[in-house]
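Novice: Fold the following, please.
(2 chains)
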Amino acid sequence: MNKTWIIIQREFINRVSKKSFILLTILMPFIFAALIFVPLWLSTVKGGDQKQVAVIDATMKYLPQFKDDESWHFVGVPQMEASFRSDSTQFDAVVEIKADLAEHPEAVTIYSRKEVPNSLSRLVSETLDEQVRQDKLLHYDIPQLPSIMQDVNRKLNIRTVKWGEDGSESESNAGAAMAAGMVLTLLIYMFVMSYGGMVMQSVMEEKTNRIVEVIVSSVKPFQLMIGKIIGIGLVGVAQLAIWAVLIIVLLAVAGGISGSSPELMGGASGLLATLQGLNLAKMGGLFVLNFIGGYLVYASIFAAIGAAINGQEDSQQFMMPIVLLLIFALYAGIYSSDNPDGPLAIWCSMIPFTSPIVMMVRLPFDVPVWETMLSVVILYVAAFGMIWIAGKIYRVGILMYGKKPSFKEMIRWITYK
Amino acid sequence: MNDSFLETRQVIKRYANHTALDGVSITVPEGQVFGLLGPNGAGKTTLIRIINRITAPDAGEVWFDGRLSRPEDIYSIGYLPEERGLYKKMKVGEQAIYLAQLKGLSRQESKKRLTDWFERFEIMPWWNKKLEELSKGMQQKVQFVITVLHRPRLLIFDEPFSGFDPVNAELLKREILKLKDEGHTIIFSTHNMASVEEICDHIALINHSKVVLQGAVTDIRSRYKSNQYELTMQSSKPLQNSDAFEIVSSEVQDEQTVNYKLRKLTSISNSKLLSLVGAQGEICKFTECIPSMNDIFIRTVEGKI
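Specialist: Just a heads-up that it's a prediction; the model follows:
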């Protein structure tokens, strides 16, 4: 059997059989689902009962305008009573209107034994404002006022239409496109960080354990390194696949359960509908390509660092530039979503260290095909180049103990026979 | 049997600031224990790594079984490095099988052989323990088993006894000699000269990147003989010098018994010398001083500095 394959198997099985992996992999979709559904659910649930508000309207003109909503129930009362101030009252607040507000704008007061909630004062003021405005307009005795009002009050309805290459028109949804791009970008960033870090830890462990000397007397150092990178990468892919399946199942189950709640369904199906609007096959395919390419570039750098250093303490100095690069890529991605065709976005989606992250943000905005292709080709050329260089450094590094090497020395290792 | 099962020819390895090996040629006969000796930093580990094909020499050749060494030869080598190490978090049985698979054994075969070894060492209960749960000595034992599991024709032990208690060191020594009897060729790198005398048939002494002494242990020791003898004699009068020998030192043990140190001055045989001395009194003890490997090691290393 091929030795690299044996190494891949060990790296994979050893990790996926860990309790922490199983736990995280299973729990994560539930946390995700909770993150999506809890806010949706919370927005449909109203806090507690309706509260009673007494309205003392001396003009009797405004009282009919008060419309109850989920939180507030308005009740007309003839006059202010002392009992409103005591705890025994059923009213949470009292609105007192003493005169015609068109003439006396200050003649309204809200009383409450507690702080007057913002939502109440806003509701009251909106209701009264509207009525006062209409009253004032009526004073001018304009003919056909109601139809003029109707005309003036018509709301605008702006459609956003995207023109395709072939002149076709389609509804564009920049918000959803951006969101999808950002989610995928964050996924790539998180996976490159955590799984790349895992590669480094694992290489370092083998070096400090000295088991590496036994292993390289059986297999080539390059086989060990590539086996490790692939094995750990497969763990990441497996985790992602399990998450995808679980999330789809959860969405389906949640959709079934909440069938009675139209708002919840609306939220979920709206999400799905906007996702369908994007070119899912293309995005999915490019996501996988960028995901793997980005992982390979960074995992090989991490492997080389893990091989060169002698322990956890040394790792900081070498990790720093890599982490900075990744964070730069993430920020470049975030800014590119504002200006997906700007120079920052274009350059960063070509440079292999940033392209997997930045490209995912740009993709929903219909990047020219040649740019996407070029970016992927550069990424993979760089990935194989990095693996080759990392292999050279790794081979020398894993057997070097003692002093911490400098970057210059590491570069010299590449030329070793 | 092959007189040069493994051979290095003029191997040179340079690093940035120093030369680790400078024209090293050694010849390891088949089925023997070959001691690779030398002070720290002499280049032993580098040579072992080159034999293991972990690193490549800058110049020179390695011959294995009568032909140039090939990549697949590493499956015929078992290597116990000086710095021991296994996966701490991995179960003992599992990692032994993994490492045996990397040496080309099938899963079933390695499991079978491992069971045999574990039963022989009576360590079956360790199988499902994580390595870190074992004591250091136990870990060493496991690593020894892993090294020999694929029954390689060539075994390389780098300081195998370090970290073993005397009882287990003895057990290990027996196992090594047993492996030799089974026909394995063994390269044995160490500073422990006492074990060299007990185990090794041949040695090469490396100092400052060069082989400074090489050959069969018995040959080397007789080559380093200084013609000195220890003698204990009972006699009424003291021993007299003669043409054939001189007294280097003497030490009175009691009235009649004296310990002498003699040096032979001519090329007469030991029997002849014995009869010459015997004419002067009753001999209680007569020994030729053959230098220990330790003496030879120190003398060679210091002499060459």
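Novice: SS state for the residue in the stretch 151-300 of chain B that chain A sits nearest to?
Specialist: Per C-beta to the nearest C-beta, the residue of the stretch 151-300 of chain B with the smallest distance to chain A is B:I156, at 8.4 Å. Every residue, glycine included, has its C-beta placed from N, CA and C. Taking DSSP: H, G, I helix; E, B strand; the rest coil as the rule, one finds B:I156 in the strand state.
Novice: And it, what's its pLDDT?
Specialist: The confidence metric pLDDT takes the value 94 at B:I156.
Novice: Give me the most central residue, chain A.
Specialist: Closest to where the C-alpha atoms of chain A average out (C-alpha atoms, centre = their mean) is A:V183, at 4.7 Å.
Novice: in what helix or strand does it lie?
Specialist: Assigned by DSSP states H and E, A:V183 belongs to helix A:174-209.
Novice: Quick check: buried residues in stretch B:108-116?
Specialist: Residues B:S110, B:R113, B:L114 are the ones in stretch B:108-116 that count as buried (16 or more other C-beta atoms under 10 Å in any protein chain shown).
Novice: okay but A:V199 is in contact with A:I305, surely?
Specialist: No: between A:V199 and A:I305 there is no contact, the gap being 9.4 Å when judged by C-beta atoms under 8 Å.
Novice: thinking again about what came up before, filter the buried residues of stretch B:108-116 down to the ones near chain A?
Specialist: Applying C-beta under 8 Å from any C-beta of the partner chain to the buried residues of stretch B:108-116, one finds that nothing falls near chain A.
Novice: quick check, nearest of those residues to B:E133?
Specialist: B:L114 (17.9 Å; C-beta to C-beta).
Novice: What pLDDT does the model give that closest one?
Specialist: pLDDT, the model's per-residue confidence, is 94 for B:L114.
Novice: Look up how far chain A lies from it.
Specialist: According to C-beta to the nearest C-beta, to the nearest Å, B:L114 stands 16 Å off from chain A.
Novice: which stretch of helix or strand covers the closest residue to that residue other than its chain neighbours?
Specialist: The spatial neighbour of B:L114 that comes closest, neighbours along the chain excluded (C-beta to C-beta, 6 or more residues apart in numbering or on different chains), is B:A96 at 5.3 Å. Secondary structure assigned from DSSP H and E places B:A96 in helix B:92-102.
Novice: and that helix, what other elements does it pack with?
Specialist: Packing partners of helix B:92-102 (3 or more C-beta pairs under 8 Å, 6 or more residues apart in numbering or on different chains; DSSP states H and E): helix A:3-16, helix A:211-216, helix B:107-120, helix B:136-148.
Novice: Hey, what's the angle from the helix holding A:V183 to helix A:3-16? Just curious.
Specialist: 110 degrees (axes from the mean of the first three to the mean of the last three C-alpha atoms, to 10 degrees).
Novice: pLDDT (mean, whole number) over helix A:174-209?
Specialist: 85.
Novice: Same question for stretch A:352-370.
Specialist: Within the predicted structure, the mean pLDDT of stretch A:352-370 is 84.
Novice: what's the spacing between it and its chain's center?
Specialist: Using C-alpha atoms, centre = their mean, to the nearest Å, the mean C-alpha position of stretch A:352-370 is found 17 Å from that of the whole chain.
Novice: Tell me which residues of it come out buried.
Specialist: In stretch A:352-370, the ones that count as buried by 16+ other C-beta under 10 Å are A:352-367.
Novice: farthest-separated two in these?
Specialist: Distance extremes for the buried residues of stretch A:352-370: the farthest pair is A:F353 and A:D366 at 24.3 Å, using C-beta to C-beta.
Novice: Quick check: A:Y401 touching A:A308?
Specialist: No: with contacts counted by C-beta under 8 Å, A:Y401 stays clear of A:A308, the gap being 11.3 Å.
Novice: Of these two, which one has the most company?
Specialist: Neighbours around A:Y401 and A:A308, counted as other C-beta atoms under 10 Å in any protein chain shown, are more numerous at A:A308. The numbers are 26 against 11.
Novice: nearest residue to that one other than its sequence neighbours?
Specialist: On the basis of C-beta to C-beta, 6+ apart, the spatially nearest residue to A:A308 that is not a chain neighbour turns out to be A:G397, at 4.1 Å.
Novice: isn't that neighbour right up against A:K404?
Specialist: No: with contact defined as C-beta under 8 Å, A:G397 does not reach A:K404; the gap is 10.9 Å.
Novice: Between the two, which has more neighbouring residues?
Specialist: A count of neighbours by other C-beta under 10 Å puts A:G397 above the other of A:G397 and A:K404, at 26 against 14.
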